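Quick check, what structure comes out for this input:
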Amino acid sequence: MKSALIVGGGNGIGLSITHVLKGYDKIYIIDKCKPVCVPKSVQYIPFDLLNKDYSIFDRLDESISTLVITAGYGKLGLFQDIDETEIEPLFLVNTVGVIRILKHFYSKLQSSTCDFHCAVMVSIAGMISSPFFSIYSASKAALHRFIESVNVELEKGGAKNRILEVSPGSITGTSFSGGETDLSQTRELSNEIVKRMMDKELLYIPQYDDVFRNVIARYQDSPHDFGLESYDYKIKSGRL
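Alright, predicted model coming up:
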């Protein structure tokens with residue numbers, strides 16, 4: 001039996017990936033919100049990444065050959081306006097929870113003979129200065145470094161599998177920035193993510209050549225100046 005697990009597949013890009021995956025006997029969606037419009041082969045399992053007990057992932061382990069983690073959230077605002085009680089839950093969902101899930105499937109990732117496909121949604125905000133998104137950016141930066149480091153460990157340990165880090169900017173057709181899930185707008189991106197995951201690539205930045213190559217270059221040239229420009233841009237664009 002060949003199964004896939006989508007953590008955070010209740011909406012947005014996770015739900016979209018669920019619709020484009022092919023060749024699986026069963027697809028499991030784990031999310032705190034029940035998905036709508038899913039294929040018959042999909043089974044929904046309610047779970048909140050803020051839970052302390054992650055043993056549910058061990059019970060699924062045997063049949064899973066593909067793992068996609070898209071769960072995460074952020075809040076736009078100055079650090080001074082973020083309540084202290086909001087900090088830990090955001091890291092638990094965006095960073096700690098993801099790492100804990102990967103730990104449950106790590107023996108499969110370490111295999112030198114069996115294919116295990118894995119992709120994790122990170123963010124371009126984890127690679128550059130992101131004022132007004134400081135906590136979210138920090139949580140994704142930690143995840144970015146973790147995946148980067150673990151992929152080296154997998155390669156040096158003789159594993160044939162890798163974790164694909166997907167680090168986009170904002171994605172239309174998702175609820176992340178206050179929008180609504182629209183599968184027609186995310187289908188092309190979802191297909192590309194699945195393709196690169198199957199090819200066991202290390203990093204995928206959507207719109208890299210058109211947008212983010214220059215963005216990252218400007219950041220690397222002067223992180224502080226880039227941060228100042230980013231701050232002003234967010235003010236002028238009316239995103240706040």
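
For the protein, give me the ranges with low pLDDT.
Scanning the chain for pLDDT under 70 picks out 61, 173, 176-179, 239-240.

how about the helices of the chain, start to end?
Assigned by DSSP state H, the chain shows helices spanning 12-20, 56-60, 87-91, 97-104, 106-109, 134-156, 183-198, 213-221, 223-236.

send the alpha carbons of the second one over as CSV?
In CSV, the C-alpha atoms belonging to helix 56-60 read as follows (Å, rounded to 0.1, in the frame of the first residue of the first chain):
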residue,chain,number,x,y,z
ILE,A,56,-0.5,9.8,15.9
PHE,A,57,2.4,10.1,13.4
ASP,A,58,3.8,6.8,14.6
ARG,A,59,0.5,5.0,13.9
LEU,A,60,0.6,6.2,10.3
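
What residues sit buried inside it?
57, 60 (16 or more other CB atoms under 10 Å). Every C-beta, even on glycine, is put in place using the N, C-alpha and C of the backbone.

which residues touch it?
3, 5, 28, 30, 45, 47, 101, 104, 105 (CB atoms under 8 Å, 6 or more residues apart in numbering).

Could you measure from residue 53 over to residue 137?
With distances taken as CB to CB, to the nearest Å, residue 53 is found 29 Å from residue 137.

Compare those two (neighbour count), which wins?
residue 137 (20 against 6; other CB atoms under 10 Å).

For that one, which non-adjacent residue is spatially closest?
residue 130 (3.9 Å; CB to CB, 6 or more residues apart in numbering).

For the one you found, the count of nearby residues, please.
Neighbours around residue 130, by other CB under 10 Å: 25.

Kindly report the same for residue 16.
Neighbours around residue 16, by other CB under 10 Å: 28.

Just list the residues touching it, thanks.
Contacts of residue 16 (CB under 8 Å, 6+ apart): 173, 181, 183, 186, 187, 189, 190.

For the nearest residue to the second one once chain neighbours are set aside, list the residues it contacts.
Nearest in space to residue 181, with sequence neighbours left out and distances taken as CB to CB, 6+ apart, is residue 11 at 4.6 Å. Residues in contact with residue 11, defined by CB under 8 Å, 6+ apart, are 31, 33, 35, 174, 175, 181.

Only the buried subset of the contacts of helix 56-60, as a PyMOL command please.
Here is the PyMOL command that selects the buried residues among the contacts of helix 56-60 (16+ other CB under 10 Å):
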select buried, resi 3+5+28+30+47+101+104+105
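
Redo the contacts of helix 56-60 as JSON lines? Include distance to residue 20.
Shown next, in JSON lines, are the contacts of helix 56-60 (distance: CB to CB, whole Å):
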{"residue": "3", "distance to residue 20": "16"}
{"residue": "5", "distance to residue 20": "15"}
{"residue": "28", "distance to residue 20": "16"}
{"residue": "30", "distance to residue 20": "18"}
{"residue": "45", "distance to residue 20": "20"}
{"residue": "47", "distance to residue 20": "23"}
{"residue": "101", "distance to residue 20": "21"}
{"residue": "104", "distance to residue 20": "25"}
{"residue": "105", "distance to residue 20": "21"}
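
Output stretch 125-138 as CSV, nothing but the C-alphas.
Below are the C-alpha coordinates for stretch 125-138, written out as CSV (Å, rounded to 0.1, in the frame of the first residue of the first chain):
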residue,chain,number,x,y,z
ALA,A,125,10.7,35.5,4.9
GLY,A,126,13.0,32.9,6.5
MET,A,127,15.8,34.0,4.2
ILE,A,128,15.7,37.8,4.3
SER,A,129,14.9,40.6,6.8
SER,A,130,11.2,40.9,7.2
PRO,A,131,10.1,43.8,9.5
PHE,A,132,6.5,43.7,10.6
PHE,A,133,6.9,39.9,10.3
SER,A,134,9.7,39.5,12.9
ILE,A,135,8.3,36.5,14.8
TYR,A,136,7.1,34.7,11.7
SER,A,137,10.4,35.3,9.9
ALA,A,138,12.4,34.1,12.9
